[in-house]
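Novice: Structure, please.
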Amino acid sequence: MALPLSLEWTGSSLRLLDQRQLPHRVSFLELTRWQEVADAIVSMAVRGAPAIGVAAAWGVVLAAREGAVLSEALAGLRAARPTAVNLGWALDRMAEALGVPSSCAVDQLVALASCIEADDRRLTQALVDHGVGLLPTGCRALHHCHTGAIATAGVGTALGVIAAAHSRGVLRHAWLDETRPRLQGAALSAWELGQLNVPCTVIVDGASGLLMRRGEVDVVLVGCDRVAANGDVANKIGTYNLALAARAHGVPFYVCAPGSSIDRSTADGDAITIEERSEQEITAIGGVPIAAADVRAWNPAFDITPAHLISGIITEFGVLRAPYRSALAALSLMDQR
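Specialist: Numbering: from 1, shown residues only. As a prediction, this is how the structure comes out:
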């Protein structure tokens with residue numbers, strides 16, 4: 001079954017798949033103002049580092065169409081979610097094209113946003129091809145969060161590798177962390193793999209260590225929101241724990257990162273801003289309280305996995321190996337443009 005597009009430019013609006021409604025129904029938002037795009041990013045109606053970058057580019061187009069102050073639109077969109085570097089990558093490209101705002105026609109911005117979207121499709125497809133080439137036939141992969149096609153403008157990153165490995169007869173089974181607190185694994189990854197008829201099982205986040213101890217996992221594949229210059233990686237909260245478990249059990253741990261997620265201007269993981277979200281995402285599910293009344297909760301959306309726990313970083317350029325600082329420094333990231 002074909003998956004719905006994560007986003008689509010209609011010529012006058014941005015049509016977004018509302019990921020908050022999955023897996024119960026497939027519905028779309030029609031956005032005509034840049035503020036609506038920013039709200040969709042904050043509320044996670046659109047999510048996945050590549051997808052929010054592309055959506056933000058179209059947000060700049062909407063701002064130009066309505067005659068908004070473009071500097072305000074760029075700042076507002078950039079502030080929507082601070083951890084994913086793809087957001088800044090796309091907005092920097094749009095800002096560079098703007099120069100003096102009045103000198104850039106709307107159709108030029110449309111062309112650039114279209115190019116950014118096409119770049120994401122190209123980058124993710126190349127990444128997936130390299131990733132599948134790593135996997136042994138009959139492998140069982142463990143995945144955290146959601147990094148599928150609807151989290152990008154293309155085929156996805158880590159979950160895209162899993163889906164492609166199945167279609168090419170390489171994958172035996174996928175294990176999916178439920179990914180508390182927003183349950184992207186249980187809701188989105190399981191839904192997407194189900195649409196593609198990929199055999200999968202959802203587990204609670206804390207079960208991954210036992211699964212590895214029993215020899216049921218051959219490889220861990222995760223995405224990322226930012227790769228620092230030294231190879232440290234910011235990804236969904238729980239990724240660090242998963243990497244520690246993988247190292248303890250001798251299971252390869254791979255990070256899937258298109259070039260748009262690589263940030264060589266950030267020295268290491270300690271310099272990455274970690275988004276903190278509402279306590280209610282932990283203390284309630286679907287608006288129903290699940291925690292003791294008045295208890296406090298701490299809800300960092302991401303954590304940092306240090307480079308020494310990573311077996312390889314899968315990119316559109318190939319698979320990078322340690323030492324990551326030199327491997328990342330050698331990439332021709334301008335080739336993305």
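
Novice: Break this protein into its domains for me.
Specialist: By the assignment in automatic domain parsing, the chain contains the domains 7-120, 123-336.

Novice: possible to save the ones you listed as TSV with mean pLDDT and mean neighbour count?
Specialist: For glycine as for every other residue, the C-beta is placed from the backbone atoms N, C-alpha and C. Converted to TSV, the domains of the chain look like this (pLDDT from 0 to 100; neighbours: other C-beta atoms under 10 Å):
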stretch	mean pLDDT	mean neighbour count
domain 7-120	93	19
domain 123-336	96	20
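
Novice: can you give me the helices in the protein?
Specialist: 34-42, 49-65, 70-78, 85-98, 106-134, 158-167, 184, 190-195, 208-213, 239-249, 280-283, 324-329 (DSSP state H).

Novice: Among those, which comes closest to Phe317?
Specialist: Comparison of the helices of the chain against Phe317 by C-beta to C-beta identifies helix 106-134 as nearest, at 7.9 Å.

Novice: Need the single longest strand in the protein, by residues.
Specialist: Looking across the chain with DSSP state E, the single longest strand is strand 171-177.

Novice: and after that strand, which helix or strand comes next?
Specialist: As assigned by DSSP states H and E, the chain's next helix or strand after strand 171-177 is helix 184.

Novice: Once you drop chain neighbours, what's closest to Ser12?
Specialist: Thr32 (7.1 Å; C-beta to C-beta, 6 or more residues apart in numbering).

Novice: Just the endpoints, please. Distance across stretch 178-193?
Specialist: With C-alpha to C-alpha, to the nearest Å as the measure, the ends of stretch 178-193 fall 14 Å from one another.

Novice: contact partners of it?
Specialist: By C-beta atoms under 8 Å, 6 or more residues apart in numbering, the residues outside stretch 178-193 that reach it are 3, 19, 22-23, 44, 47, 143-151, 156, 159, 162-163, 174, 176-177, 200, 202-205, 236, 238, 281-282, 285, 299.

Novice: Which ones among those residues lie within strands?
Specialist: 143, 174, 176-177, 200, 202-203, 236, 285.

Novice: For the residues you listed, work out which two are farthest apart.
Specialist: Longest span within those, C-beta to C-beta: Ala174 and Ile285, 23.8 Å.

Novice: hang on, the earlier thing: measure how the longest strand of the chain sits relative to helix 158-167, angle-wise.
Specialist: 150 degrees (axes from the mean of the first three to the mean of the last three C-alpha atoms, to 10 degrees).

Novice: The residue nearest to Ser12 contacts Gly11, doesn't it?
Specialist: No. The criterion here is C-beta atoms under 8 Å, and Thr32 misses it with Gly11 at 11.5 Å.

Novice: export the helices of the chain to JSON lines and tack on distance to Gly223?
Specialist: Formatted as JSON lines, the helices of the chain follow (distance: least, C-beta to C-beta, whole Å):
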{"stretch": "helix 34-42", "distance to Gly223": "17"}
{"stretch": "helix 49-65", "distance to Gly223": "7"}
{"stretch": "helix 70-78", "distance to Gly223": "21"}
{"stretch": "helix 85-98", "distance to Gly223": "11"}
{"stretch": "helix 106-134", "distance to Gly223": "10"}
{"stretch": "helix 158-167", "distance to Gly223": "5"}
{"stretch": "helix 184", "distance to Gly223": "11"}
{"stretch": "helix 190-195", "distance to Gly223": "13"}
{"stretch": "helix 208-213", "distance to Gly223": "16"}
{"stretch": "helix 239-249", "distance to Gly223": "9"}
{"stretch": "helix 280-283", "distance to Gly223": "20"}
{"stretch": "helix 324-329", "distance to Gly223": "17"}
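
Novice: Out of the ones you listed, the one nearest Asp303 is which?
Specialist: Using C-beta to C-beta, these put helix 239-249 closest to Asp303, at 4.4 Å.

Novice: before we move on, back to that, out of the helices of the chain, which gets nearest to Glu316?
Specialist: Among those, helix 106-134 sits nearest to Glu316 (C-beta to C-beta), with 3.7 Å.

Novice: how far out from the middle of the chain is the closest one?
Specialist: Distance of helix 106-134 from its chain centroid, counting by C-alpha atoms, centre = their mean, to the nearest Å, is 14 Å.

Novice: just stretch 240-251 next, same as before
Specialist: What separates the centre of stretch 240-251 from the centre of its chain is 21 Å, taken as C-alpha atoms, centre = their mean.

Novice: try stretch 72-91
Specialist: That offset, for stretch 72-91, works out to 14 Å (C-alpha atoms, centre = their mean).

Novice: Pull the residues that contact it.
Specialist: Under C-beta under 8 Å, 6+ apart, the answer for stretch 72-91 is 34-35, 37-38, 41-42, 49-50, 52-54, 56-57, 59-60, 63, 94-95, 116, 225-227, 234, 258, 260-263, 266, 272-275, 301-302.

Novice: Compute the first-to-last residue distance for that stretch.
Specialist: One end of stretch 72-91 sits 12 Å from the other (C-alpha to C-alpha).

Novice: Stretch 196-215 too?
Specialist: End-to-end for stretch 196-215, by C-alpha to C-alpha: 26 Å.

Novice: what do you get for stretch 200-208?
Specialist: First-to-last residue span, stretch 200-208, C-alpha to C-alpha: 14 Å.
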